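Asks: What shape does this take:
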Amino acid sequence: MALNRVVICGVNTSKLPYLTEDEKNMLFDRMEQGDSSAREEFIEGNLRLVLSVIQRFGSSNENPDDLFQVGCIGLIKALDNFDRSLNVKFSTYAVPMIIGECRRYLRDNNAIRVSRSLRDIAYKAIYAKENLQKTKDKEPTIEEIAEEISIPKEDIVMSLDAISAPLSLYEPVYQEGGDTLYIMDQIRDRKNKEEMWVENLDLREAMDRLCDREKNIVRLRFFEGKTQTEVAEEICISQAQVSRLEKNAIKSLRRYLEDK
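Replies: Take a look at the predicted model:
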């Protein structure tokens, strides 16, 4: 998806206006007084927010024009449902709404065919979840959603699973400086823990060449199957540091084994 282009849906994104918080509040005041032009000005002033959100879906190969339009629908829904009395920034409230709208669109256009009945149940559950979250100010449980829409919780779980888009294990979930945390790094590898596949490689001598901290990280990650986050908590350093040390250790081990 070519999101680096300047014109999307006929909009020159390089010339999109930027609104300060004070300007947003002034436009809200005008909207509350019935000024329709203020609404249009507010939406146009937040198109940069839509543009930044759809960047997250760059790997979807979806048409950027279509995704931008869907994101704008999410922006308008956020504006229609925003409550200023909660003292929350509009962008904080709008981003999840825009993301949700984009995800729904991508699920509808998923190449994996999902029955209409399952999609209907899933969308009812999603909208019920959003409404319950807004009224209760907390994440609702599956049981609460099931009670709200009078559908068995098993059907809700199955329908939500059916429309979920598959994720790559190498999808980035966090980045600090040049170090990226991927989904893969958050998975506990029980198979590797049980089979001790590292022992099948003659690494004992190579491991002895690592510093104590790198050796400990390799042991925790590959012998005990812990995630980078779990390792970071155990040895009291950041996940980014674990990632760096792990990469250095693997490079050293590979270099030694290739030269052996």
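Asks: Where do the domain boundaries of this structure fall?
Replies: Domain segmentation of the chain under automatic domain parsing yields 7-163, 172-259.
Asks: could you dump those domains to JSON lines with mean neighbour count and mean pLDDT?
Replies: The way it works is simple: take the backbone N, C-alpha and C, and place the C-beta from them, glycine included. Below are the domains of the chain laid out as JSON lines (neighbours: other CB atoms under 10 Å; pLDDT from 0 to 100):
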{"stretch": "domain 7-163", "mean neighbour count": "15", "mean pLDDT": "82"}
{"stretch": "domain 172-259", "mean neighbour count": "15", "mean pLDDT": "72"}
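Asks: can you map out the helices along the stretch 151-260 of the chain?
Replies: Applying DSSP state H, counting those that start in this stretch to the stretch 151-260 of the chain gives helices spanning 153-163, 190-195, 204-207, 212-218, 228-235, 239-259.
Asks: so which of those comes closest to residue 70?
Replies: Residue 70 lies closest to helix 153-163 among the helices of the stretch 151-260 of the chain, at 15.5 Å (CB to CB).
Asks: Return the list of helices and strands in contact with the closest one.
Replies: helix 116-136, helix 142-149 (3 or more CB pairs under 8 Å, 6 or more residues apart in numbering; DSSP states H and E).
Asks: residues in contact with the shortest one?
Replies: Right, the one you point to is helix 142-149. Helix 142-149 is contacted from outside by 124, 125, 128, 129, 131, 132, 140, 152, 153, 156, 157, using CB atoms under 8 Å, 6 or more residues apart in numbering.
Asks: If we use 7 Å, what do you get?
Replies: Contacts with helix 142-149, where a contact means CB atoms under 7 Å, 6 or more residues apart in numbering, come from 124, 125, 128, 129, 132, 152, 153, 156, 157.
Asks: what's the angle from it to helix 153-163?
Replies: If you take axes from the mean of the first three to the mean of the last three CA atoms, to 10 degrees, helix 142-149 sits at 100 degrees to helix 153-163.
Asks: Adjust the sequence numbering to begin at 79 for everything that follows.
Replies: Sure, I'll start counting at 79 from here, so that last one is helix 220-227.
Asks: roughly how far out does helix 220-227 sit from the chain middle?
Replies: Remark: helix 220-227 is offset 24 Å from the chain centroid, using CA atoms, centre = their mean, to the nearest Å.
Asks: now the angle from that helix to helix 194-214?
Replies: 100 degrees.
Asks: gap between residue 97 and residue 226?
Replies: Separation of residue 97 from residue 226 (CB to CB, to the nearest Å) stands at 35 Å.
Asks: actually residue 220, sorry about that
Replies: Residue 220 sits 11 Å away from residue 226, going by CB to CB.
Asks: How about residue 153?
Replies: Distance, residue 153 to residue 226, using CB to CB: 26 Å.
Asks: now do residue 213
Replies: In this view, residue 213 and residue 226 are 10 Å apart by CB to CB.
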